[in-house]
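[1] build me a model:
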Amino acid sequence: QVQLVESGGGLVQTGDSLRLSCAASGPCASTCVRSWFRQTPGKERELLGGIAWRSGAKYVKDYADSVKGRGTISRDNNNTVYLQMSNLKPDDTGVYYCAAREGTLVSPGKSAYPWWGQGTQVTVSS
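    Down below sits the predicted model:
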């Protein structure tokens, strides 16, 4: 089990950068797969990317095509996972969620994640 709290959303302009944070606490805070999803009006909640623990203390990252080259996921020693987004566009507007699941794969399906944060709103103005 893990508790997730996102932060860092807000109102930005086209072309700006933003870093979202996902703090975690609980038994699998360091080993659960941690992924970022985005919910935009009228669309399904989509996976942006995630980070997974591998044996040998190695973390593997995976990204969706919509953010490749613009998004970077990282983590710190306090089990906080970050999503750094650059060159933001109005289409990036939405609620960003952090989610967690046990295992070692970054699953694209939201139903694979039993634990979710409350979400943080990102609005990109043109």
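[2] flag every buried residue along the host helix or strand of residue 96.
    Using DSSP states H and E, residue 96 sits in strand 94-101. By neighbour count on 16 or more other CB atoms under 10 Å, the buried set for strand 94-101 is 94, 95, 96, 97, 98, 99, 100, 101. (C-beta placed from N, C-alpha, C; glycine too.)
[3] mind putting these into CSV with distance to residue 46 and pLDDT?
    Listed next are the buried residues of strand 94-101 as CSV, based on distance: CB to CB, whole Å; pLDDT from 0 to 100:
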residue, distance to residue 46, pLDDT
94, 9, 96
95, 11, 97
96, 11, 97
97, 10, 97
98, 14, 97
99, 12, 97
100, 17, 96
101, 16, 95
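[4] hey, what's the closest residue to residue 76 other than its chain neighbours bridged with?
    Leaving aside its chain neighbours, residue 76 sits nearest to residue 82 (7.6 Å; criterion: CB to CB, 6 or more residues apart in numbering). When assigned by DSSP bridges, residue 82 has beta-bridge partners residue 21, residue 74.
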